[in-house]
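J.: Here is my input, please return the structure:
(one chain, ligands or ions: 1)
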Amino acid sequence: MIEVIQASKAFAGVEAVRDLTCRIRDGEVFGMVGTNGAGKSTLLRMLAGVLRPDSGEIRIDGEPVWENESAKSRICFISDTGYFPINATAESMTELYRVVYPGFDTERFEKLMGRFGLPKNQKIRTFSRGMKKQLSVLLGICAGTKYLFCDETFDGLDPVMRQAVKSIFATEMLDREFVPVVASHNLRELEDFCDHVGLLHQGGILFSENLSDLKMNMQKVQCVIRDPEAEKQLLADLDIVRLDRRGSMLTLVVRGDRDVILARVQSADPVFAEELPLTLEEIFITETEVAGYDIKNIIA
Ligand SMILES: Nc1ncnc2c1ncn2[C@@H]1O[C@H](COP(=O)(O)OP(=O)(O)OP(=O)(O)O)[C@@H](O)[C@H]1O
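T.: Purely as a prediction, here's the structure:
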């Protein structure tokens, strides 16, 4: 488990991370989202022991990570830019990784390279952006570390590749201790493979929630209620966090249990009522609006 306890980090007076506390549990894929400059990369670099917090603590499996080789040996960090030496090939990168990560699984790497159709001996500088990201992920997975920190590594991967990475993550999590932490701007991309999501804004964390709990506790319903009095009563009874009215059609985002909400809507004798899927993006937009943040500045 990773524990971040009241961590802060400033650069020349800019508070990149401010008094941030959160936990990343084993057995979960943790997604980190937020605005530009929210502090995601700074937090990831502190988690990886690359940056030292000005105050507060970062603990990996109970040990402080800063200047702790034992904690760091459990971490592989893929930065947003993905560093490859100028003439590097995938083959030469494996040599480098084998030195840094004694548990690097060469056989698995070669299998995955074949599955992804990536060339082993072509200069990486000639790869497309997406191919470089795929290679970074495969190197990171095969490093064999318990924790894999990915900074915007998945932004720009196509849906088929995202699905492939998701299934590899799932296999790794079944086979060994593996805890991926993925920072991204794109809620839709994260929704595909995260169990838990933390939303950062201006150096702080707005929410850190289990994705299925988030979804279970909020519902979206579209309905038309004929009787104005029944409609008024329905709206008064439900814990509505967002209401959109187009003519007689109501679209409601409601906090609470799905069955209870749907039964209450039915009891208002609707002409029409339908449950709609709620995306992670909508949940965050709603939650952040409730928290008083201007969502246009939060979701990139
Ligand atoms: N080395 C640095 N020197 C000075 N300021 C920095 C440095 N690294 C980060 N910052 C500042 O800290 C704040 C947080 O930056 P950070 O890169 O952590 O955000 P981010 O959430 O990853 O942003 P983005 O989504 O745009 O990549 C920003 O205001 C940034 O300018």
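J.: so how many other residues sit close to the closest residue to Ile2 other than its chain neighbours?
T.: Spatial nearest neighbour of Ile2, excluding adjacent residues (CB to CB, 6 or more residues apart in numbering): Ile24 at 4.0 Å. Heads up, the C-betas are built off the backbone N, CA and C, glycines and all. Using other CB atoms under 10 Å, Ile24 is surrounded by 22 other residues.
J.: Ile24: what's it in contact with?
T.: Applying CB atoms under 8 Å, 6 or more residues apart in numbering, one finds that Ile24 lies in contact with 1-2, 4, 30, 179, 181, 196.
J.: quick one: pLDDT of the nearest residue to Phe127 once chain neighbours are set aside?
T.: Spatial nearest neighbour of Phe127, excluding adjacent residues (CB to CB, 6+ apart): Leu135 at 6.8 Å. Here the pLDDT value assigned to Leu135 is 94.
J.: Please apply the same query to the one 3 residues further on.
T.: Looking at Leu138, its pLDDT is 94.
J.: State the three-state secondary structure for it.
T.: helix (DSSP: H, G, I helix; E, B strand; the rest coil).
J.: so it touches Lys111, yeah?
T.: No - with contact defined as CB atoms under 8 Å, Leu138 and Lys111 do not form a contacting pair (9.8 Å).
J.: Flag every residue of this protein that's near the ligand.
T.: Residues of the chain found near the ligand (CB under 6 Å from any ligand atom) are 11-12, 14, 16, 34, 36-42, 185.
J.: so how far is Leu199 from the residue positioned nearest the centre of the chain?
T.: Centroid-nearest residue in the chain: Gly31, 1.6 Å away (criterion: CA atoms, centre = their mean). Per CB to CB, to the nearest Å, Gly31 is found 9 Å from Leu199.
J.: Surely Ile2 and Arg23 touch.
T.: Yes - with contacts counted by CB under 8 Å, Ile2 reaches Arg23, the gap being 6.9 Å.
J.: between the two, who's got more neighbours?
T.: Ile2 (21 against 15).
J.: Retrieve the pLDDT associated with that one.
T.: Reading off the model, Ile2 has pLDDT 96.
J.: separation between it and Gly39?
T.: Distance from Ile2 to Gly39, by CB to CB: 16 Å.
J.: Could you list which of the contacts of Ile24 belong to strands?
T.: 2, 4, 30, 179, 181, 196 (DSSP state E).
J.: In TSV: those residues, plus distance to Arg226.
T.: TSV is the format used below for the ones in strands among the contacts of Ile24 (distance: CB to CB, whole Å):
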residue	distance to Arg226
Ile2	53
Val4	52
Phe30	46
Val179	52
Val181	50
His196	42
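J.: Can you tell me which of those residues are buried?
T.: Listed as buried from those are 2, 4, 30, 179, 181, 196; burial here means 16 or more other CB atoms under 10 Å.
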